[in-house]
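**Q** Please find the sequence and the predicted model below.
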Amino acid sequence: MTGTGPEIQDTIDTTRPHPARVYDWFLGGKDNYPVDEELGRRIAAMDGDAPKAARANRAFMRRTMRALAAESGIRQFLDIGTGIPTEPNLHQIAQSVAPDARVVYVDNDPIVLAHAEALLRGTPEGVTEYVQADARDPHTILERAARVLDLDRPVALSLIALLHFIADEDGAHDLVDTLVGALAPGSFLVLSAMTADFEPENVRKGIAAYAAGGVTLVARSHAEVGAFFTGLRLLEPGIVPVAEWRPEDAPDGPVSLYGGVAVKP
């Protein structure tokens, strides 16, 4: 897979904050720049739970993927909106349960491409691949993913912390419908998305801070997040704050992200 090179570095704008790098800063990572830290600190000052929400979202990914691999027997994973690798990555979770698991990561961000090598260090028995594509182009994603995944067999589709960057009028529901529609029965949708149901004022300030950095965010209600699961069967406990989805420890209060997992009949 292509590693970091001059042609990639030239496309990375370090003068403006970037959501993936801000998220990396919230998680305590090192793949961010002063402009990202500045926005992260500004958001954290307005909403002290923002870093906690990032950590809770990452833990949600770990629990859901482990459950699907261990309990549901899923061996194929399609992760869209991958972000900067933060171990353990999705393929490490899945392949720790099933070494032969096949994982396709998708992102359109040159920052993620620059780190793609870290995403491809999977097991010898399994397959990990990275696809450079835009989430708003699901047909291209499916065409390229099908080179690695058998779409006639169940796939776990991961849209974690992605859809709050895509408004309804920009095709968020069409994106989900197209992707899920192409998957076999027995496939799963794993999704988390920002909400203002719990801390509306803090979320409003966070949205404004991101907007000042040129990033659009969309907060959705419980019912609006639920609409993405139309036609699917939700697994217990349904759509809940991400920290409350089958927690391993007592949740440290709700965060402003809903999450859910559902199976395609």
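**A** Good, I have the coordinates. Numbers count the residues shown, from 1 in each chain.
**Q** Next up, the contacts around the residue most central in space within the chain.
**A** Most central in the chain under Cα atoms, centre = their mean is I160, positioned 2.7 Å from the mean C-alpha point. Listed by Cβ atoms under 8 Å, 6 or more residues apart in numbering, the contact set of I160 reads N57, F60, M61, D79, G81, V190, L191, S192, G259. Quick note: C-beta positions are derived from backbone N, CA and C, even for glycine.
**Q** Give the helix, strand or coil label for the last one.
**A** The three-state label given to G259 by DSSP: H, G, I helix; E, B strand; the rest coil is strand.
**Q** got it, and the third one?
**A** For M61, the assignment made with three-state DSSP gives helix.
**Q** For it, which non-adjacent residue is spatially closest?
**A** With sequence-adjacent residues excluded and distances taken as Cβ to Cβ, 6 or more residues apart in numbering, M61 is closest to I160, at 5.3 Å.
**Q** State the pLDDT value of that neighbour.
**A** We have a pLDDT of 96 for I160.
**Q** so it bridges to which residues?
**A** Counting by DSSP bridges, I160 is bridged to S192.
**Q** Spatially, and excluding backbone neighbours, which residue is closest to P51.
**A** P51 sits nearest to F26 (Cβ to Cβ, 6+ apart), 4.4 Å away.
**Q** can you pull out the helices in the stretch 101-250 of the chain?
**A** 110-114, 116-119, 138-145, 172-181, 200-212, 222-226 (DSSP state H, counting those that start in this stretch).
**Q** I'd like to check the angle between the fourth one and helix 138-145, please.
**A** Using axes from the mean of the first three to the mean of the last three Cα atoms, to 10 degrees, one finds that helix 172-181 and helix 138-145 are set 30 degrees apart in direction.
**Q** what residue ranges in the chain score low on pLDDT?
**A** 1-11, 47-48, 250-251 (pLDDT under 70).
**Q** count of neighbours near P34?
**A** P34: 9 surrounding residues under other Cβ atoms under 10 Å.
**Q** what about it, distance to R63?
**A** Taking Cβ to Cβ, to the nearest Å as the measure, P34 falls 33 Å from R63.
**Q** now Y258
**A** Distance from Y258 to R63, by Cβ to Cβ: 15 Å.
**Q** between those two, which one's more packed in?
**A** Neighbours were counted for Y258 and for R63 using other Cβ under 10 Å; Y258 has more, 27 against 18.
**Q** before we move on, back to that, for Q95, find the nearest of the helices of the stretch 101-250 of the chain.
**A** helix 116-119 (12.1 Å; Cβ to Cβ).
**Q** Tabulate the CA atom coordinates of the closest one in PDB.
**A** Extracted C-alpha coordinates of helix 116-119, given in PDB (Å, rounded to 0.1, in the frame of the first residue of the first chain):
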ATOM      1  CA  ALA A 116      -2.700   3.800   5.500                       C
ATOM      2  CA  GLU A 117       0.400   1.500   6.000                       C
ATOM      3  CA  ALA A 118      -0.500   1.200   9.700                       C
ATOM      4  CA  LEU A 119      -4.000   0.000   8.600                       C
END
